[in-house]
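*Asks:* Here you go, sequence then predicted model.
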Amino acid sequence: MKENEDQTIKYIPYKGKRFRDDRMYVFNIVKGNLEKHSSKGVQIKEGYWVLYYLNSLELPLADKKFFETKEEAENSVKHNEPLTPLISNYEEPDDVFQQEDGWDLWQQWLNFKRLKSAITGYQNLPFNVALYGGSFEIPNNYTDIWIEEDSIH
């Protein structure tokens, strides 16, 4: 038997895609830059990105938001992760996570399922990058470039 031959990738088949688990989307918080190009020049902001991925085996980027501080990024995740649509709930978030103590219940649910929140520092990654689909050790950075229309000649 070859090394890791017994490492079968488990997934949930749903609507022609292969999902990693019940969550339809997963999040990463990463350090990064936002480059704004305009007719006035280039402005580079350092900060944090919250990256949203479709939680399929391929893990394609679905959306992203830039924050100037890690605290702002974490607060965004605390608000949005519990609102993640679940396959088992007909692509809707579970109402229990929208209650006042929803964040605590969400964390308990993640722990029960042996899943990780983005605020833990866990990075969801493609399986060809991380054997188990994510890692605490592999760094992840992101830069986005925004070009204002008035700077295009």
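*Replies:* Received, thanks.
*Asks:* Residue 147: how many residues sit nearby?
*Replies:* By the measure other C-beta atoms under 10 Å, the count of residues near residue 147 is 12. Backbone N, C-alpha and C define where each C-beta goes, glycine included.
*Asks:* Is it in contact with residue 42, as I believe?
*Replies:* No: between residue 147 and residue 42 there is no contact under C-beta atoms under 8 Å: 9.8 Å.
*Asks:* residues touching the nearest residue to residue 93 once chain neighbours are set aside, list them.
*Replies:* Residue nearest to residue 93 in three dimensions, not counting chain neighbours: residue 83, with 4.6 Å by C-beta to C-beta, 6 or more residues apart in numbering. Residues in contact with residue 83, defined by C-beta atoms under 8 Å, 6 or more residues apart in numbering, are 93, 97, 98.
*Asks:* Bridged to the nearest residue to residue 56 once chain neighbours are set aside, which residues?
*Replies:* Distance criterion C-beta to C-beta, 6+ apart; nearest residue to residue 56, sequence neighbours excluded, is residue 17 at 4.7 Å. Beta-bridge partners of residue 17, counted by DSSP bridges, are residue 14.
*Asks:* does residue 17 really touch residue 60, like I thought?
*Replies:* No: counting by C-beta under 8 Å, residue 17 does not reach residue 60; the two are 10.0 Å apart.
*Asks:* Overlap in contacts, those two.
*Replies:* residue 54.
*Asks:* In terms of neighbours, single out the busier of the two.
*Replies:* Set side by side, residue 17 and residue 60 show more neighbours around residue 17, with 15 against 9, by other C-beta under 10 Å.
*Asks:* Show the model's pLDDT score for the more buried one.
*Replies:* Residue-level confidence at residue 17 comes out at 96, pLDDT.
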